[in-house]
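[1] could you work out the structure for the sequence below:
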Amino acid sequence: MPKRPGGGEPPPESIEQGLRDLVLQVGPDIRKLSRGETVGLQTIMRAARPPDHWPIDVKAAAVLDVIHEALDNISNVRWRSAANAAFRRPAERYLGQSCDSLAGRWKSAALEEGTTEGELAKRQEAYRGYWISAANHLAEAVERQFDNLNRLADGWSQYRKSEPPAPPPSLPISFDRTDVLYRFEGNRGVQCISYRWLTAHADVDHYDAVGWYYNQPDAPVEIVPLANCVLAGPMRDLPQGGRSGTLKFERTVHAGEAYFFAYMTCFHSEQPCRPTILYEVRGLSMRSLIVRAQFDVAALPIKLWSFEVEAQDEGWEIPEDEAPGVLTVGSNGYAQSEYPNCERGRKYGLRWLWGDNANL
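    Got it, this is the predicted structure:
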């Protein structure tokens, strides 16, 4: 990518302009990349070229991961700081509506470094200038990495993920037990029912539930309270797909106290479900997790297995028929897997083959 002579605005069909488009308003979102909402975003996806058979949301998430890696490698501290704010990283630093704009995120970054109220506007403007320089540098680095990945037969494989990362686990809770049931109609996921038993380690009065449909990042997922909680406020779109809703408890749960609540996630999608249920532990710990699936008897998987993965391994390898973790699906379509003593940040779940739809 050649340098722009004399500075100025980048052309609309450039990767740099795509990066600028990506961070506008609430910040990066794989929906923007999936839909190609601007010419610049379309340019990013054309330059990236992940495997054609990958679902579009998986491609977009992989592209965003490459961009994040390039961002981490920016050597100029000021440029990197402004770019991190633009990309809303780390997520826990830029929570809330006050950070739903570039100006708001630069204000937050300026305040965190100790900027006084009188110097705030000047410091925000400085961040804007740092971002303009960082965006040009970042675009060059991203284009180089795209070229490197595209030259390799399996260059993109390391970036393939089954689901977006969950929001940062900031609540002081651990789960004694979590029991989830996914229900299907045909090969379409319709809902997930969650029962949870928690222990508080400090005062807590809510839980941020996350819903994600495994083949459509912009599915109108809905969180529905079932027991001992209510939905507080509107649903929120998450940057890398899925939606979140705050479940308000009936009372404040104090340190050492236990609490039970239940809710349902409705997916509202007509797309077939990608053959994955992947659950990330967000509490400080989880003593017991049971993942259940009620498949439609008219569309039973031809193979089903359980797995637990580190962040770098998404469990894509199909096991042999007699391998540990291969599960039996009942004639009524029911299956389950239990996971004791789950670790924070670790992922557990089910994968299967849909027969004719095995490539989803």
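[2] okay, now the domains of this structure?
    15-159, 173-357 (automatic domain parsing).
[3] could you dump those domains into CSV with mean neighbour count, mean pLDDT and distance to E9 added?
    All C-beta spots, glycine's among them, are computed from the backbone N, C-alpha and C. Output for the domains of the chain, formatted as CSV (neighbours: other C-beta atoms under 10 Å; pLDDT from 0 to 100; distance: least, C-beta to C-beta, whole Å):
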stretch, mean neighbour count, mean pLDDT, distance to E9
domain 15-159, 18, 88, 8
domain 173-357, 17, 88, 25
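[4] identify the bridge partners of E308.
    Beta-bridge partners recorded for E308 (DSSP bridges): Y348.
[5] quick one: G330 from F295, how far?
    Relative to F295, G330 is positioned 9 Å away (C-beta to C-beta, to the nearest Å).
[6] sorry, slip of the keys, the one I care about is G186.
    Distance, G186 to F295, using C-beta to C-beta: 9 Å.
[7] swap in K347?
    Separation of K347 from F295 (C-beta to C-beta) stands at 21 Å.
[8] kindly report the same for S269.
    The gap separating S269 from F295 is 17 Å, by C-beta to C-beta.
[9] one more: P340?
    Separation of P340 from F295 (C-beta to C-beta): 24 Å.
[10] can you check Y259 too?
    With C-beta to C-beta as the criterion, Y259 and F295 are 32 Å apart.
[11] equivalent analysis for R236, please.
    Shown here: R236 relative to F295, a distance of 30 Å by C-beta to C-beta.
[12] same question, N215
    Taking C-beta to C-beta, one finds N215 at 16 Å from F295.
[13] one more: G27?
    Taking C-beta to C-beta, one finds G27 at 37 Å from F295.
[14] kindly report the same for S108.
    Separation of S108 from F295 (C-beta to C-beta): 45 Å.
[15] and E37, by the same measure?
    Computed as C-beta to C-beta, the E37 to F295 distance reads 35 Å.
[16] again, but for E143
    The gap separating E143 from F295 is 44 Å, by C-beta to C-beta.
[17] now do the helices in the stretch 51-200 of the chain.
    For the stretch 51-200 of the chain, applying DSSP state H, counting those that start in this stretch gives helices covering 56-72, 77-86, 102-112, 120-151.
[18] would you reformat those as a markdown table and include distance to L41?
    Converted to a markdown table, the helices of the stretch 51-200 of the chain look like this (distance: least, C-beta to C-beta, whole Å):
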| stretch | distance to L41 |
| --- | --- |
| helix 56-72 | 9 |
| helix 77-86 | 15 |
| helix 102-112 | 16 |
| helix 120-151 | 13 |
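[19] ok, which of those comes nearest I290?
    Distance to I290, taken as C-beta to C-beta, is lowest for helix 56-72 among the helices of the stretch 51-200 of the chain, at 27.1 Å.
[20] between that closest one and helix 77-86, how many degrees?
    Angle, helix 56-72 to helix 77-86, by axes from the mean of the first three to the mean of the last three C-alpha atoms, to 10 degrees: 150 degrees.
[21] give me the contacts around helix 56-72.
    Contacts of helix 56-72 with the rest of the structure, by C-beta atoms under 8 Å, 6 or more residues apart in numbering, involve 19, 22, 28, 30-31, 33-34, 44-45, 48, 50-51, 54, 80, 83-84, 87, 89, 138, 141-142, 145-146, 149, 156, 159-162, 164, 215-217, 240-241.
[22] got it, and stretch 149-158?
    Counting contacts by C-beta under 8 Å, 6+ apart, the residues outside stretch 149-158 that touch it are 48-51, 54, 62, 66, 148, 312.
[23] return the member of these nearest to K122.
    Nearest to K122 among those is V66, at 33.8 Å by C-beta to C-beta.
[24] rewinding a little: tell me the one among the contacts of stretch 149-158 nearest to E112.
    V66 (27.1 Å).
[25] and the closest one, how far from E270?
    Distance of V66 to E270, computed by C-beta to C-beta: 31 Å.
[26] again, but for N341
    The gap separating N341 from E270 is 38 Å, by C-beta to C-beta.
[27] kindly report the same for D52.
    D52 is 23 Å from E270, by C-beta to C-beta.
[28] ok, now P28?
    27 Å.
[29] just G189 next, same as before
    Look at G189 and E270: by C-beta to C-beta, they are 11 Å apart.
[30] Q158 now?
    For Q158, the distance to E270 equals 32 Å [C-beta to C-beta].
[31] now R351. Nearest residue, chain neighbours left out?
    By the measure of C-beta to C-beta, 6 or more residues apart in numbering, the closest residue to R351 outside its immediate chain neighbours is T276, 5.3 Å from it.
[32] please apply the same query to M264.
    Using C-beta to C-beta, 6+ apart, the nearest residue to M264 is V224, at 4.4 Å.
[33] show me the contacts for the one you found.
    The contact partners of V224, by C-beta under 8 Å, 6+ apart, come to 231, 263-266.
[34] all set now, cheers.
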